[in-house]
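Asker: With the input below, show me the fold.
(one chain, ligands or ions: 1)
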Amino acid sequence: MDELFEGLLAGNRRALSRAITLVESTRPDHRARAQALLAALPDRQALRIGLSGTPGVGKSTFIEAFGKLLTGQGLKVAVLAVDPSSARSGGSILGDKTRMETLSRDPNAFIRPSPSRTELGGVARRTREAVRLCEAAGFDVILIETVGVGQSETLVAEMSDLFILLLAPAGGDELQGVKRGIMEIADLVLVNKADGDLLPTARRTVADYAGALRLLRKRPNDPEGFPKALPVSAYTGEGLALAWENMGYLVDWRREHGHFDTVRADQARHWFLAELRAGLLAQLEAPAIRREVQRLGDAVAAGDLSPGDAASRILGHLAERGGQAGG
Ligand code: GDP
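Answerer: The predicted structure follows:
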């Protein structure tokens, strides 16, 4: 454990890998060790950037190019993935090992695919804890990648300082296809593939989204001009430096105005409540409680007991059990 801890703090990627495997484990003894490890971590901060986009928009190509830009500036970059498809089926859209080959060979980069066959709530916790481990290991920027399906975007946004939506060039009518909720959480909309034949369409897409973003309510925590749409090309590298400058500007502005820390504090509170809810739900899965839920459910169905009464009884049982567990 000490060796793992020291390796982690020294920025050793193998130690980081092992530590993430530990926080991914659901075995109670592993869980206890993971909690102890997490509690002992120093308070290092990295910039956490959430990145979302549907399959094929160029996320891995973008991360590879953007990651190289950052490591080229002497920054250490970690890439984590939240892949809802792997949570459902065990197969993953984001996980395959051939992605980001150049970046994965860079000594200043660390890439970790999404764990498979873990439900999304579990992936959320594991990713949050992995973020903390990467911070402790001295990484400067943490990219948290996800695909544009399901609730994974909201989940990633809740653990990021900046949220980026990556899009491909497309006709104006496809703008409808991006859910409003995602537009509302995006700090930057980057239209990738702004190169070659696609350049004119990419420019038009940027203009479309810039227009759509202006129609959204201005966020009180952001400077003029944000959220913003910009063209990039992961192939040519065009626009990547400008996108990075804009991220820096936005983050500095939020820090100066006290919003950065407030958002992190709110996120911490959010995750505390999420863990609490998950813990309470897990209690309902205890065999004795399940049997009681089944029994009272039958009574409710038969009209012998009201739903409210039945729920109160179960909550009463849980409180009793909690009282016993507490001493
Ligand atoms: P992901 O599924 O979002 O990770 O997307 P990929 O990075 O695998 O890219 C999907 C396809 O788009 C691949 O064929 C890439 O070669 C291509 N692509 C990615 N970035 C660019 C770019 O900047 N310009 C062009 N023209 N194609 C790109």
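
Asker: Quick one, grab the pLDDT at Asp96.
Answerer: At Asp96, the pLDDT value in this model is 59.

Asker: now Val206
Answerer: Taking Val206 on its own, its pLDDT is 94.

Asker: Could you measure from it over to the ligand?
Answerer: Going from Val206 to the ligand by C-beta to the nearest ligand atom, to the nearest Å gives 14 Å. All C-beta spots, glycine's among them, are computed from the backbone N, C-alpha and C.

Asker: quick one, what contacts that residue?
Answerer: Val189, Val191, Ala194, Ala229, Leu230, Pro231 (C-beta atoms under 8 Å, 6 or more residues apart in numbering).

Asker: helix, strand or coil for the closest residue to the first one other than its chain neighbours?
Answerer: Read that as Val189. Leaving out its chain neighbours, the residue that sits closest to Val189 by C-beta to C-beta, 6 or more residues apart in numbering is Ala229, at 4.2 Å. Assigned with DSSP: H, G, I helix; E, B strand; the rest coil, Ala229 falls in the strand class.

Asker: what's the answer for Pro220, then?
Answerer: coil.

Asker: i'd like the first residue to be 4 from this point on
Answerer: In the new count, where the first residue is 4, that last one comes out as Pro223.

Asker: count of residues packed around it?
Answerer: Pro223: 7 surrounding residues under other C-beta atoms under 10 Å.

Asker: phi, psi of it?
Answerer: Per-residue torsions, Pro223: phi -60, psi -20 (degrees, to the nearest 10).

Asker: any idea how far it lies from the ligand?
Answerer: Counting by C-beta to the nearest ligand atom - Pro223 and the ligand are separated by 32 Å.

Asker: same check, this time on Ser309
Answerer: Taken as C-beta to the nearest ligand atom, the span from Ser309 to the ligand is 51 Å.

Asker: Provide a list of residues in contact with that residue.
Answerer: Shown in contact with Ser309 (C-beta under 8 Å, 6+ apart): Val303.

Asker: again with Leu218
Answerer: Contacts for Leu218 (C-beta under 8 Å, 6+ apart) come out as none.

Asker: cool, the one 4 residues further on as well?
Answerer: Contact analysis of Arg222 by C-beta under 8 Å, 6+ apart lists Phe229, Pro230.

Asker: Kindly state the pLDDT recorded for it?
Answerer: Arg222 is given a pLDDT of 80.

Asker: what's the farthest-apart pair in the contacts of Val209?
Answerer: With C-beta to C-beta as the measure, no two of those lie farther apart than Val192 and Ala197, at 12.4 Å.

Asker: The residue nearest to Val192 contacts Asn195, doesn't it?
Answerer: No - Ala232 is beyond contact range of Asn195, at 11.8 Å (criterion: C-beta atoms under 8 Å).

Asker: The two: who's more crowded?
Answerer: Asn195 (25 against 21).

Asker: With the ligand as the reference, measure out to the more buried one.
Answerer: 5 Å.

Asker: residue ranges for the helices of this protein, please.
Answerer: In the chain, the helices defined using DSSP state H lie at 5-12, 16-27, 31-43, 62-75, 87-92, 104-108, 123-139, 155-160, 183-188, 202-218, 243-259, 262-286, 290-304, 310-328.

Asker: With that, I have no additional questions.
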